[in-house]
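1. Turn this into a model:
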Amino acid sequence: MVEYKCFHCDKNVSPDYLRKKVRCPYCGSRIIYKPRGAKTDVKAR
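-> Modelled structure (predicted):
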């Protein structure tokens with residue numbers, strides 16, 4: 001399942017809510033983003 005976060009309050013926002021409005025339901029911010037996965041470092045041989 002896709003996870004979105006508010007840039008201002010850092011709370012999770014459900015994608016179902018974003019279909020209605022592009023605003024955070026907690027603080028009203030319009031900046032919503034999808035967090036990236038963990039960065040992995042690979043060492044060369």
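2. after the helix or strand of the chain with the lowest mean pLDDT, next one along is what?
-> Taking mean pLDDT, DSSP states H and E as the measure, helix 15-20 is the helix or strand of the chain with the lowest mean score, a mean of 85. Sequence-wise, the next helix or strand downstream of helix 15-20 (DSSP states H and E) is strand 32-33.
3. who does that next one pair up with?
-> Its sheet considered, strand 32-33 pairs with strand 4-6 (antiparallel) by DSSP bridges.
4. hmm, who's touching the strand it pairs with?
-> Strand 4-6 is contacted from outside by 11-15, 18, 24, 26-27, 29, 31-35, using CB atoms under 8 Å, 6 or more residues apart in numbering. Every residue, glycine included, has its C-beta placed from N, CA and C.
5. try stretch 7-17
-> Contact with stretch 7-17 is made by 1-6, 24-27, 29, 31-33, as judged by CB under 8 Å, 6+ apart.
6. What is the burial count for C6?
-> C6 sits with 20 neighbouring residues when counted by other CB atoms under 10 Å.
7. how far away is it from R45?
-> From C6 across to R45, the span is 42 Å (CB to CB, to the nearest Å).
8. pLDDT score assigned to the nearest residue to P35 once chain neighbours are set aside?
-> Leaving aside its sequence neighbours, P35 sits nearest to K5 (CB to CB, 6 or more residues apart in numbering; 5.6 Å). Note on K5: pLDDT of 94.
9. what does M1 give?
-> Looking at M1, its pLDDT is 68.
10. Kindly report the same for the one 10 residues further on.
-> K11 is assigned a pLDDT of 93 by the prediction.
11. do the same with the one 3 residues further on
-> In this model, S14 is scored at 89, pLDDT.
12. give me the number of residues near it?
-> Using other CB under 10 Å, S14 has 12 neighbouring residues.
13. Please determine how far C6 is located from R36.
-> C6 sits 16 Å away from R36, going by CB to CB.
14. scratch that, P15
-> 17 Å.
15. What of V42?
-> 17 Å.
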